[in-house]
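> Here is the input, now give the coordinates:
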Amino acid sequence: MLCRVITFSFLLCVALAMASGEAFAQYTRRAFEFVNLPATARTAGLGGVNITQGYGRPGAAMENPALLAPRAAGHLSANYMGLVAGIRQGTAGYAVLRADSGVWHVSVRYLDYGDFEGYDPAGQPTGTFQASDYAVTAAYSHQSGPFRAGLALSLLRSSIAGEGATGLALDIGGVFQHPEQDLTAGLVFRNAGVIISDYSGADSRMPFDVQAGLSFRPAFMPFRFSITAHNLLVDNLVYVESEGERPPFTESIFRRLVFGTQIGLGKSVILRAGYNHLLRKELRLEQAGGGAGFAYGIEVRAGLFTLAYSHLGYHAAGGGDHISLTANMQTLAGKLF
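Sure thing, here's the model as predicted:
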């Protein structure tokens with residue numbers, strides 16, 4: 001039964017991607033790009049894209065539904081990100097274990113761009129307006145030997161100054177955990193779906209992406225390394241100024257890769273670092289790169305609570321500060337009541 005569901009979902013992802021014109025398309029005209037921002041401090045601290053670390057943590061289901069595992073049941077995760085110019089993102093999720101149907105996870109993501117001053121074509125002020133995005137997601141995962149598969153269905157909404165767009169997105173992910181070694185491999189088809197309603201005069205596309213990753217910890221070492229490939233179906237990620245100019249092959253490859261590592265200091269503290277080459281090249285200034293593309297973070301576990309902080313550099317002017325709090329609500333409720 002599980003194999004049939006996964007096979008059907010995979011074929012549906014491919015069909016939706018082809019129908020929306022996203023497969024093998026340019027990296028343009030994509031709507032709902034906010035879903036590609038890191039949802040948790042853990043992901044941000046590893047470079048902004050990671051689909052293999054965080055197995056069994058509820059927040060990880062927002063990056064790869066296959067990372068949702070039974071030990072996440074009863075945990076509530078809340079995440080906050082502050083960007084430049086007052087842009088803020090908040091996410092929250094909760095996982096439930098059902099003995100007869102696997103693990104379920106429900107999450108909400110909200111991105112607030114703040115207030116803007118509006119003007120008409122003549123330059124006269126028209127008052128302030130707001131812009132925001134949000135997503136409501138239900139995810140499910142199931143184990144089969146060393147493999148775990150997951151599905152996630154999201155309702156997406158974007159609005160600005162009274163205009164809006166609505167979409168429906170499907171994620172399908174899988175992870176393989178080596179039975180004898182600390183090694184995890186993952187594959188995710190993200191954001192295959194349809195635009196239900198679009199902005200007036202727009203012809204948007206879903207931000208469909210295929211991501212593959214690998215995480216491993218060498219024997220007798222406290223470090224865990226990860227490498228994640230994204231934008232695998234985009235034919236060109238390098239901007240060229242003149243027609244016929246071809247970017248170096250290595251540059252095209254490395255813009256698709258994100259590198260991360262973390263080290264555990266005992267059982268309560270984890271340090272993280274990451275590098276995102278695409279962010280580095282796209283958002284750095286010509287004369288000063290600043291911290292664009294580099295990430296670092298720390299996580300502290302205390303009893304039933306886990307607090308994490310990460311900083312991901314986007315530009316020389318600043319980056320994103322991420323704070324995540326995870327609580328074992330099931331155990332906490334048992335102690336309180």
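> Okay, helices next: where are they in the stretch 201-337 of the chain?
Counting by DSSP state H, counting those that start in this stretch, the stretch 201-337 of the chain has these helices, from start to end: 249-254, 277-283, 329-336.
> if I pick Phe294, what's in contact with it?
For Phe294, the contacting residues are 273-275, 280, 312-313, by CB atoms under 8 Å, 6 or more residues apart in numbering. C-beta coordinates here come from the backbone N, C-alpha and C atoms, glycine included.
> Adding pLDDT and distance to Phe294, write those out as a markdown table.
Rendered in a markdown table, the data for the contacts of Phe294 read as follows (pLDDT from 0 to 100; distance: CB to CB, whole Å):
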| residue | pLDDT | distance to Phe294 |
| --- | --- | --- |
| Ala273 | 97 | 8 |
| Gly274 | 97 | 7 |
| Tyr275 | 96 | 6 |
| Arg280 | 87 | 8 |
| Leu312 | 94 | 8 |
| Gly313 | 91 | 5 |
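> Which of these ranks first by neighbour count?
For the contacts of Phe294, the largest number of neighbours (other CB atoms under 10 Å) sits with Leu312, at 29 neighbours.
> if I look at that one, how far off is Tyr296?
Distance, Leu312 to Tyr296, by CB to CB, to the nearest Å: 9 Å.
> what do those two both touch?
Common neighbours of Leu312 and Tyr296, counting by CB under 8 Å, 6+ apart, are 45, 274.
> how about the longest strand along the chain: buried residues?
Taking DSSP state E as the criterion, the chain has its longest strand at strand 125-144. In terms of neighbour count (16 or more other CB atoms under 10 Å), strand 125-144 has its buried residues at 131-135, 137, 139-143.
> would a markdown table of those residues with pLDDT and distance to Val194 be doable?
Shown next, in a markdown table, are the buried residues of strand 125-144 (pLDDT from 0 to 100; distance: CB to CB, whole Å):
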| residue | pLDDT | distance to Val194 |
| --- | --- | --- |
| Ala131 | 92 | 23 |
| Ser132 | 94 | 21 |
| Asp133 | 96 | 17 |
| Tyr134 | 95 | 18 |
| Ala135 | 97 | 15 |
| Thr137 | 97 | 16 |
| Ala139 | 95 | 19 |
| Tyr140 | 94 | 20 |
| Ser141 | 93 | 24 |
| His142 | 89 | 25 |
| Gln143 | 87 | 30 |
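> Out of the residues you listed, which comes closest to Ser200?
Ser200 lies nearest to Ala131 out of the buried residues of strand 125-144, by CB to CB, at 15.2 Å.
> For the closest one, give its distance to Ser158.
Taking CB to CB as the measure, Ala131 and Ser158 are separated by 8 Å.
> which stretches of the stretch 151-300 of the chain have low pLDDT?
Under the criterion pLDDT under 70, the flagged ranges of the stretch 151-300 of the chain are 239-247, 286-289.
> That one: strands as residue ranges?
In the stretch 151-300 of the chain, the strands defined using DSSP state E, counting those that start in this stretch lie at 163-177, 183-197, 209-216, 223-229, 257-265, 269-276, 294-302.
> mind giving me CSV with those and columns for distance to Thr40?
Below are these laid out as CSV (distance: least, CB to CB, whole Å):
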stretch, distance to Thr40
strand 163-177, 16
strand 183-197, 15
strand 209-216, 15
strand 223-229, 14
strand 257-265, 13
strand 269-276, 11
strand 294-302, 10
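> what about the ones you listed, which gets the closest to Ala44?
Among the strands of the stretch 151-300 of the chain, strand 294-302 comes nearest to Ala44, with 6.0 Å by CB to CB.
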